[in-house]
Every structure is written in structure tokens, then in C-alpha cells.
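J.: I would like to see how this sequence folds:
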Amino acid sequence: MTRLSVNINKFATLRNARGGNLPDVIKAALDCERFGAQGITVHPRPDQRHIRYSDVLQLKEVVKTEFNIEGNPVPEWVEIVKQVKPAQATLVPDSTDVITSNHGWNTILQKNILVDIVSELKAYGIRVSVFVDPIPEMVEGAKEVGADRIELYTGPYAEEFPLNNEHAIAKYISAAKVAHKIGLGINAGHDLNLHNLKYFKQHIPHLAEVSIGHALICDAIYLGLENTIQMYLRQLKD
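T.: Here you go, the predicted structure:
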């Protein structure tokens, strides 16, 4: 079964909008685990506009499922990841001026940067995943830099899915086949939701993990967090 890692950034966004500690991000993570999530994902950004580095340190002490820290590997991010030693670090090339991640690495042009960071993190026993667009050459480049997994950026899939689901999934199938052939694990994330997740799961063989935050938290407002997590888990059943 594909693992569901819940990205809890949105809990922190809501907390930070008002100040104080409501909602409690640490409790939210524990509740997600209690309701069936098989992992917790956080994405601390340099401006700490949602998850803060202090949250990451607190989460280290309580998360019992797989902890995944994703983000742009600026020096501060790399240092906190090495300190926490999560199960997985996901390298994402988001710049400071974007609202959310919107593209993958160019693993060919940015090979030298990635090789050094991947090597540094793996030396701490951390599994490293590289965020990529569904392009075979970018997938092969991730293997060349030493990554253990890729995370397929599924924003374009989600956008096209309501218009033409077969066309939307086609390039992801091709990229996933290449990844599996060369020994890379396959993760996916961005804009996956209750409408498009099952179809993605059914067509991407060897999908190890999905990281979902925004859509899941939005659904939870109407459906409740426990019920929502169970609904997402059902979409991922074989």
C-alpha cells in the first residue's frame, strides 16, 4: 500500500495568522498519526511563514511514524535536517518569492549542487528524495546525483486531470517506469486530492508515498480530520 504522509504546514499557517498556539501544530501531527497517517511532512521555509524551525525540533521528539522534512536546501535548512535526522529529506527548489512549490529540479544543470547536498545528508543516515518534473531525463539525473527516491511534482497532473485524465497521467507513467527501472523509489505530491488521487495511484506502479497537505486540510474543515485521513487512505488501497 502506498503510504500517506500528511503535510501539516497549513496548521502552522493558521496558527501564525493569529499568534498564540491555536491550532497546536504538535497536537495536529499526533492526531494525524492517531487517525492513520503513515508519515508527517513539514516544509520549513526561510521566512518561517508556516512551519518554524522550532516546530521541527519539537516534532522530532514526538513523531512516531516516518518524518519527512522537505525544502530548499539553503544552509539553515540543511543544518536543521542534519540535527533532526528525519527518515527522509526531500529537496525542493522553491525560491523565497513563491507561494508554493511550482517546479522540480533540473537535475542535469544543477547536478553539482545536488551531488554535494545529497551526499552530505546521506552521510547522516537520511534517505534523500529529489523533487522532479515527470521528465525521464530529470529522473535519470536524480539517480546520477545519488538520490534514493524522486518525488514527482503532480501540480500539472492535477490541473489537467478534470479535462483529460489519460493525457494528464501519461508522462507520469513514463517517468515512473524509468525511475523503477534504474532503482529509484517513487514518491509524489502537490495538489493531489480525493478526486484525482485514486486514478494516480492506479496508474503509477511502485508508488511508495504521497505527501498531501493543502487539499487534505481543506477537506478536513468540512469532513473532520479523522474521517478525511481515512478517506485518503482508502484512495491508496491496492
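J.: just how off-centre is the longest helix seen in the chain within its chain?
T.: As assigned by DSSP state H, the longest helix anywhere in the chain is helix 165-181. Helix 165-181 sits 18 Å away from the centroid of its parent chain (Cα atoms, centre = their mean, to the nearest Å).
J.: So for that helix, mean pLDDT?
T.: For helix 165-181, mean pLDDT rounds to 98.
J.: got a list of contacts for the following helix or strand past it?
T.: Going down the chain from helix 165-181, the next helix or strand is strand 185-189, by DSSP states H and E. Here strand 185-189 makes contact (Cβ atoms under 8 Å, 6 or more residues apart in numbering) with 7, 41, 90, 129, 148-154, 172, 176, 179-180, 200, 204, 206-212. To be clear about C-beta, it is placed using only N, CA and C from the backbone, and glycine gets the same treatment.
J.: for stretch 53-69, same thing?
T.: So stretch 53-69 is in contact with 3, 5, 12, 25-26, 29-30, 33, 37-44, 76-77, 80-81, 83-84, 86-90, 129, 209, 211, going by Cβ under 8 Å, 6+ apart.
J.: Which ones among the residues you listed map onto helices?
T.: Using DSSP H, the contacts of stretch 53-69 in helices are 12, 25-26, 29-30, 33, 76-77, 80-81, 83-84.
J.: need those residues in CSV with pLDDT, can you?
T.: Formatted as CSV, these follow (pLDDT from 0 to 100):
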residue, pLDDT
A12, 97
V25, 98
I26, 98
A29, 98
L30, 98
E33, 98
E76, 95
W77, 96
I80, 97
V81, 98
Q83, 98
V84, 98
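J.: Quick one: these as JSON lines, columns for neighbour count and distance to V115 too.
T.: Converted to JSON lines, the ones in helices among the contacts of stretch 53-69 look like this (neighbours: other Cβ atoms under 10 Å; distance: Cβ to Cβ, whole Å):
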{"residue": "A12", "neighbour count": "21", "distance to V115": "32"}
{"residue": "V25", "neighbour count": "26", "distance to V115": "33"}
{"residue": "I26", "neighbour count": "17", "distance to V115": "35"}
{"residue": "A29", "neighbour count": "25", "distance to V115": "32"}
{"residue": "L30", "neighbour count": "16", "distance to V115": "36"}
{"residue": "E33", "neighbour count": "18", "distance to V115": "34"}
{"residue": "E76", "neighbour count": "14", "distance to V115": "21"}
{"residue": "W77", "neighbour count": "23", "distance to V115": "17"}
{"residue": "I80", "neighbour count": "18", "distance to V115": "21"}
{"residue": "V81", "neighbour count": "26", "distance to V115": "17"}
{"residue": "Q83", "neighbour count": "12", "distance to V115": "22"}
{"residue": "V84", "neighbour count": "20", "distance to V115": "22"}
